[in-house]
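Novice: have a look at this fold, sequence not included:
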Ligand SMILES: C[S@@+](CC[C@H](N)C(=O)[O-])C[C@H]1O[C@@H](n2cnc3c(N)ncnc32)[C@H](O)[C@@H]1O
């Protein structure tokens, strides 16, 4: 069969991906969504492309590019976001490459709901994002809370370079400030209304058993160290109260380490919000709850 229209190449891409052994989990959940993602990227189409757009003839250059990306996706298991240098989070586009984790945290849902009902919208003046990676959480927060200042830290200079690209892309240089720090900003007496973090929390055993796609992402974005991968989460839990306003909240993703966390801190009144998509594993604690922590070793 001779393929000529973009629709033909969409069908071809879907068939190739569907017949392969690739893993979905970096922004898409199935072969069809992933084919659409690739086609829109290769043919410069929006996700709202119409049937008329898809009837257009695909140029030889575009088809060559598509074939190469499909080859890399299947043979090298490179996630589409890296192939296209673009990922989506909270409805916003972010530049990504292998220096940062591909944005996909369910924290996006909480941001889109402006962390309701846990904070008073009008009182949110300062937000801190710990382990910002691409900057997706910090930037999405700044877009929602239009009058807030957002600080974002990362220990990786590579990640901060990518975050800088995104802060500039979203024209937020005056409100999103990037810091090269170990978890919290150094030497600050600033207090935050929201501290949010998707830190590394994956245990060594869990990391060793991930699908190939994950090994294109920086290892330092995953490995949390310590029992259950909880060392960094524990540090955040222990110190966050010093950086929160009296009505502030801490929001942290811990994924599958939720059980280990509950064993370590059985007395803390964690709130575990429900999500429409994703698996959750994100807790909220108030500043008041954090002051009650008795450190367990
Ligand atoms: C799971 S990724 C999250 C990236 C981004 N926030 C997101 O949700 O896509 C964790 C990030 O934390 C950073 N990180 C690891 N250890 C850190 C530390 N001690 N202090 C600050 N950032 C750290 C990593 O470099 C990585 O960018």
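Specialist: Ah, there it is. For clarity, every value in this text was computed on a predicted model and none was experimentally measured. Numbers count the residues shown, from 1 in each chain.

Novice: surely residue 22 touches residue 79?
Specialist: No: counting by Cβ atoms under 8 Å, residue 22 stays clear of residue 79, with 9.1 Å between them. All C-beta atoms are positioned from the backbone trio N, CA, C, and that covers glycine.

Novice: neighbour count: the two, which is higher?
Specialist: residue 79 (27 against 21; other Cβ atoms under 10 Å).

Novice: helix, strand or coil for the residue nearest to that one when sequence neighbours are not counted?
Specialist: Leaving aside its chain neighbours, residue 79 sits nearest to residue 26 (4.0 Å; criterion: Cβ to Cβ, 6 or more residues apart in numbering). At residue 26 the chain is in coil, as set by DSSP: H, G, I helix; E, B strand; the rest coil.

Novice: hang on, the earlier thing: which residues are in contact with both of residue 22 and residue 79?
Specialist: Counting by Cβ atoms under 8 Å, 6 or more residues apart in numbering, the shared contacts of residue 22 and residue 79 are 73, 213.

Novice: list, one by one, the residues from the stretch 101-250 of the chain near the ligand.
Specialist: Contact residues, the stretch 101-250 of the chain versus the ligand (Cβ under 6 Å from any ligand atom): 101, 103, 105, 130-134, 136-137, 153-156, 159, 182-183, 198-200, 220-221, 232.

Novice: just the residues you listed: which are in strands?
Specialist: Per DSSP state E, strands hold the following members of these: 130, 153, 154.

Novice: can you read off the pLDDT for the second one?
Specialist: So the one you mean is residue 153. As predicted, residue 153 sits at a pLDDT of 98.

Novice: beta partners of it?
Specialist: residue 130, residue 179 (DSSP bridges).

Novice: switch to numbering from 15
Specialist: All right, first residue 15 from here; so that's residue 167.

Novice: ok, it touching residue 190?
Specialist: No: using Cβ under 8 Å, residue 167 is not in contact with residue 190; the gap is 11.8 Å.

Novice: those two: which has the busier surroundings?
Specialist: Taking neighbours as other Cβ under 10 Å, residue 167 and residue 190 compare with residue 190 leading, 27 against 23.

Novice: let me see the contact set for that one.
Specialist: 149, 152, 153, 156, 164, 166, 181, 184.

Novice: quick one: the helices in the protein?
Specialist: Using DSSP state H, the helices of the chain run over residues 20-32, 45-56, 65-68, 74-89, 94-98, 121-126, 150-158, 171-183, 218-222, 245-253, 272-278, 301-305.
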